[in-house]
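Chemist: Provide a 3D model corresponding to the input given below.
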Amino acid sequence: MSRPSKELQTLKAEFFRAMAHPARIRILEVLSQHRELSVQALQLRLALDQPIVSQQLAKLRAHGIVASRKQGTTVLYALADPRIADLLKVAKDILNRRLTGTKTLLHELRRLG
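Modeler: You can find the predicted model right below:
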């Protein structure tokens with residue numbers, strides 16, 4: 001079995017680090033539910049200030065996680081790859097399973113305590 005190269009491991013770490021912010025995760029989740037959205041539409045859906053949304057989108061775009069296109073004077077953002085939505089779903093499933101296990105353990109501890 002071949003081992004991944006150090007360069008590939010570094011790229012993966014940078015990819016995950018680029019998403020590693022609660023606002024960026026929220027942006028990606030909203031974009032996974034909509035085809036394209038403007039900064040203003042994202043701002044309204046997330047209840048975040050425009051500079052925060054723009055800053056987080058710039059980070060995601062710089063790492064190729066979201067793509068943008070101009071329509072008139074509006075810039076629209078979308079997931080650069082639809083599989084990012086799958087990645088978010090898998091992460092959610094893993095966390096749900098982990099939290100369910102924790103909940104079961106807490107219930108058992110209360111029952112025994």
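
Chemist: buried stuff in the lowest-mean-pLDDT helix or strand in the chain?
Modeler: Least confident helix or strand of the chain, by mean pLDDT, DSSP states H and E, is helix 83-112 with a mean of 85. By 16 or more other Cβ atoms under 10 Å, the buried positions in helix 83-112 come out as 84, 87-88. For glycine as for every other residue, the C-beta is placed from the backbone atoms N, C-alpha and C.

Chemist: between the residues you listed, which sits nearest residue 72?
Modeler: residue 84 (26.3 Å; Cβ to Cβ).

Chemist: next, the buried residues of stretch 49-69.
Modeler: Buried residues in stretch 49-69 (16+ other Cβ under 10 Å): 53, 56-57, 59-61, 63, 65-66, 68.

Chemist: circling back to that earlier point, mind giving me the packing neighbours of the least confident helix or strand of the chain?
Modeler: Counting contacts by 3 or more Cβ pairs under 8 Å, 6 or more residues apart in numbering; DSSP states H and E, helix 83-112 is packed against helix 22-33.

Chemist: who's in contact with the helix it packs on?
Modeler: Applying Cβ atoms under 8 Å, 6 or more residues apart in numbering, the set of residues contacting helix 22-33 from outside is 18-19, 37, 42, 45-46, 48, 52-53, 56-57, 59-60, 65-66, 77-79, 84-85, 88.

Chemist: re earlier: same list (the buried residues of stretch 49-69) but as CSV, adding distance to residue 104 and secondary structure.
Modeler: Formatted as CSV, the buried residues of stretch 49-69 follow (distance: Cβ to Cβ, whole Å; DSSP: H, G, I helix; E, B strand; the rest coil):
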residue, distance to residue 104, secondary structure
53, 38, helix
56, 35, helix
57, 39, helix
59, 37, helix
60, 36, helix
61, 41, helix
63, 37, coil
65, 34, coil
66, 37, strand
68, 44, strand
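
Chemist: which of those residues sit farthest apart?
Modeler: Farthest pair in the buried residues of stretch 49-69 (Cβ to Cβ) is 53 and 63. Separation: 16.4 Å.

Chemist: next one: the residue nearest to the spatial centre of the chain relative to residue 56, how far apart?
Modeler: Taking Cα atoms, centre = their mean, the centroid of the chain lies closest to residue 25, which sits 3.1 Å from it. Separation of residue 25 from residue 56 (Cβ to Cβ, to the nearest Å): 10 Å.
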